[in-house]
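A.B. asks: coordinates only, sequence not included:
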């Protein structure tokens, strides 16, 4: 392992330059106009995997964007690690809020990242964290120190809900057979407090449409006598939560896992500074479900948020219009043992019931997925724990995360394997927002840590 770490140290500058090249390709999966760039990124990732030393790499077509698959088999009696990542990124809009162009990566020093951070769309989510695995794999292969078989599956639709991925996984169960999934699409508590994500929330995402009159109307002629869909939509949304932050949908909490006092006490040991949290976000007061801490509200409790709302005239100047339609996009974060399909049904029934007879309502489900929990008493979790303890010099803390990572439940359902979520980003890295960035320290720390996971996992599986 010493030779592997020496190789990593000697190639850090090259790794960083190669990541910058990857970040320059605008692989926005949500916008069809970027489809050629998404494919270009897939080809680029395939090329880097071949350079790193896989036995073979291939691109699999899907109805939307391609999936990159590669593998390296050294001994069929050894455990197999399936590395998952995604090469697609969120749209960069609004562009005017970026301090530098989103696809022209720049390294800038910040208070949180004194070594510098890579500012670019996808730097943390997930190109930077996926590339760590390719770099670490290369270091092990080039030094004849790869202790496990490795498979890579890197998709291009994660940021749009992975619509093609589950069917592809189900059709390729034999190809993907493995002992554990390793993924770094998550975060640590901070650069001095390592952590391993032991659970993620699920998602139910939908769009609602409220229709009033059959055409836009003059607000002077009709205002006050005809329902305004925007007004009605706002009133309906306001009724989705009560004054205590509880979601009012009937049956919503029926399947929610209520964590024990002991479990909540353990989670509370993770360092968290509420004053710093509020200062970082520029808010005077936190808000959420009564009876729970901020950390609990964003990890072990379900939530409901309006992600967008629009209708009527929003251009320059004024237009006195009473709109025919109003729209909103609404997402709900789910916790064990909630199921997205059931929540879709409960939401639609409840939301329609809130509408007055003066309007019509349509609810359209979009993408969603199930929450997942990773056991902390397995060889794979222990391997990750020991790896992080080695490179950070202290034991990592298990933590539940609020984001949705569909592969956790997917790989458990289809392949019957657990996922180890050993990420190195920070919650303050502005993923999905303007000025997304990823610490140079974090990038290098991930590359250094990953080989220790393989080493530990091979030993623990052998001794099991």
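C.D. replies: The structure has been received and is ready for your questions. Since we're looking at a predicted model, the values are computed, not measured. Residues are numbered from 1 along each chain as shown.
A.B. asks: what about residue 30, how many neighbours?
C.D. replies: Residue 30: 14 surrounding residues under other C-beta atoms under 10 Å. For every residue, glycine as well, the C-beta is placed using N, CA and C.
A.B. asks: meant to ask about residue 20
C.D. replies: 17.
A.B. asks: repeat for residue 219
C.D. replies: The burial count assigned to residue 219 is 17, neighbours taken as other C-beta under 10 Å.
A.B. asks: ok, now residue 409?
C.D. replies: Counted with other C-beta under 10 Å, the burial measure for residue 409 works out to 22 neighbours.
A.B. asks: Surely it is in contact with residue 201?
C.D. replies: No: under the criterion of C-beta atoms under 8 Å, residue 409 makes no contact with residue 201, lying 10.9 Å away.
A.B. asks: how about residue 83, secondary structure?
C.D. replies: Under DSSP: H, G, I helix; E, B strand; the rest coil, the three-state class of residue 83 is strand.
A.B. asks: Now residue 119. Its backbone dihedrals?
C.D. replies: The phi/psi pair for residue 119 (degrees, to the nearest 10) reads phi -90, psi 110.
A.B. asks: Let me know how buried it is, in neighbour terms.
C.D. replies: Using other C-beta under 10 Å, residue 119 is surrounded by 26 other residues.
A.B. asks: what's the pLDDT at the residue lying closest to it once chain neighbours are set aside?
C.D. replies: Counting by C-beta to C-beta, 6 or more residues apart in numbering, the nearest residue to residue 119 once its immediate chain neighbours are dropped is residue 437, at 4.5 Å. For residue 437, the pLDDT comes out at 98.
A.B. asks: Count the residues that sit near residue 437.
C.D. replies: Using other C-beta under 10 Å, residue 437 has 30 neighbouring residues.
A.B. asks: doesn't residue 109 make contact with it?
C.D. replies: No: if you go by C-beta under 8 Å, residue 437 and residue 109 don't touch, sitting 10.9 Å apart.
A.B. asks: Mutual contacts of the two, please.
C.D. replies: Both residue 437 and residue 109 are in contact with residue 117, where contact means C-beta atoms under 8 Å, 6 or more residues apart in numbering.
A.B. asks: Need phi/psi at residue 426.
C.D. replies: When read as degrees, to the nearest 10, the backbone of residue 426 gives phi -120, psi 150.
A.B. asks: Return the list of helices and strands in contact with the host helix or strand of residue 458.
C.D. replies: Element membership for residue 458 (DSSP states H and E) is helix 440-463. Judged by 3 or more C-beta pairs under 8 Å, 6 or more residues apart in numbering; DSSP states H and E, the packing partners of helix 440-463 are helix 2-10, helix 12-23, strand 117-119, helix 127-142, strand 180-183, helix 379-392.
A.B. asks: winner for burial among the ones you listed?
C.D. replies: Among these, strand 117-119 has the highest mean neighbour count (mean count of other C-beta atoms under 10 Å), at a mean of 27.
A.B. asks: That one - which strands sit beside it in the sheet, and in what orientation?
C.D. replies: Sheet pairing of strand 117-119 (DSSP bridges) gives strand 106-108 (antiparallel), strand 437-439 (antiparallel).
A.B. asks: So which of these is nearest residue 242?
C.D. replies: Among the strands paired with strand 117-119, the nearest to residue 242 by C-beta to C-beta is strand 437-439 (37.5 Å).
A.B. asks: quick revisit: quick one: buried residues of the helix holding residue 458?
C.D. replies: Across helix 440-463, burial judged by 16 or more other C-beta atoms under 10 Å covers 440-458, 460-461.
A.B. asks: shouldn't residue 12 be in contact with residue 444?
C.D. replies: Yes: judged on C-beta under 8 Å, residue 12 makes contact with residue 444 at a distance of 6.0 Å.
A.B. asks: where does the protein have low pLDDT?
C.D. replies: Applying pLDDT under 70 to the chain flags residues 464.
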